[in-house]
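Visitor: show me how the following folds:
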Amino acid sequence: GSSGFNSSSSGGATGDKRAIAPRDIDSFSSLAWSPTDGVLVASCWDNKNYCWRVNENGDTKPLGAKEHKAPVLCTAFSADGSKVFSGGCDNEANLWDLQKNSSITFAKHQKPISCIKALNNNLVATGSWDKCLHYWDARTPKPQLSLMLDRKCYAMDAKGPALVIGLSERLIRIYDLRKPNVPMREERPLKFQTRAIRIFNDDQGYVAGSVSGRCCIRTFTNPTSSKNNFSFKCHRTSNGGSSQVYAVN
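Guide: Purely as a prediction, here's the structure:
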């Protein structure tokens, strides 16, 4: 269903704008921008996926919300920006057609869907805590391809021919979507659990963040080069002799 949330400016010195959701909601779990328009979606622990249009001056206009049966963990746009995909703790993946303002369930896992990425307008990849990676045509109820990962999926991104997954036990697995059955490479570049992965805009590598306040830069073609592959500390504060470390989301 839709929701009566609104928008406003922050009124701060920076002039930032804020999209304001209902006051009784829980925290957001993920964000995604439309690849073709100034539209923002946010999945939420209150079982909803929210959507705003963000104008060039920063003003926001609510476009509605669609509901899952349990907290929503991930969301993504189709390549043309006309559809929003989302997955959550109800073990289901939903498709929200923004033009028709209609929502359907097109995929199911055995456990919560933690990661979802659109590979084109209709082909969608879903990763889950059930240790499976499924590729779906959102127009049909059965997966086009299923892979056993042997570990829970915690982070994922797809761009161009590459799909990168962050799994439990710090393992990162890289796939070439032209040969999706077998991983191209596996590596453990971080000392603690991966929380976020993003592929570079030029498709030549990825950045990953962990729960330990550390990020790593990795390239696909030259993974042994120390110049092009490295890690760095971030999201830390110091107070006297102690430091506070924050997870990278």
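Visitor: the spatially most central residue of the chain pairs with what?
Guide: Central residue of the chain (CA atoms, centre = their mean): C74, 5.3 Å from the mean position. Bridge pairing for C74 (DSSP bridges) gives the partners G87.
Visitor: isn't it right up against E92?
Guide: No. Using CB atoms under 8 Å, C74 is not in contact with E92; the gap is 11.9 Å. The way it works is simple: take the backbone N, C-alpha and C, and place the C-beta from them, glycine included.
Visitor: surely T237 is in contact with G213?
Guide: No. Using CB under 8 Å as the test, T237 is too far from G213 to be in contact (9.6 Å).
Visitor: who has more neighbours, the two?
Guide: Regarding T237 and G213, a neighbour count based on other CB atoms under 10 Å identifies G213 as having more, with 18 against 10.
Visitor: residues contacting that one?
Guide: 233-236, 245-248 (CB atoms under 8 Å, 6 or more residues apart in numbering).
Visitor: check these and tell me the two furthest apart.
Guide: Greatest spatial distance among these (CB to CB): K233 and A247, at 12.8 Å.
Visitor: and those two? which has more neighbours close in?
Guide: Counted by other CB under 10 Å, K233 and A247 do not tie: A247 has more neighbours, with 15 against 11.
Visitor: could you look up the SS state of the more buried one?
Guide: Three-state assignment for A247 (DSSP: H, G, I helix; E, B strand; the rest coil): coil.
Visitor: give me the distance between the closest residue to I197 other than its chain neighbours and S168.
Guide: Nearest in space to I197, with sequence neighbours left out and distances taken as CB to CB, 6 or more residues apart in numbering, is A155 at 4.4 Å. Separation of A155 from S168 (CB to CB, to the nearest Å) stands at 11 Å.
Visitor: and what of Y135?
Guide: Distance, Y135 to S168, using CB to CB: 21 Å.
Visitor: of these two, who's got more company?
Guide: A count of neighbours by other CB under 10 Å puts Y135 above the other of Y135 and S168, at 18 against 15.
Visitor: per-residue pLDDT, that one?
Guide: Here, the pLDDT recorded for Y135 equals 97.
Visitor: residue ranges with poor pLDDT in the protein?
Guide: For the chain, applying pLDDT under 70 flags the ranges 1-26.
Visitor: and D176, its phi and psi?
Guide: phi -100, psi 110 (degrees, to the nearest 10).
Visitor: look up the closest residue to it, ignoring the ones flanking it.
Guide: Ranked by CB to CB, 6+ apart and with sequence neighbours excluded, the top spatial neighbour of D176 is M184, at 4.9 Å.
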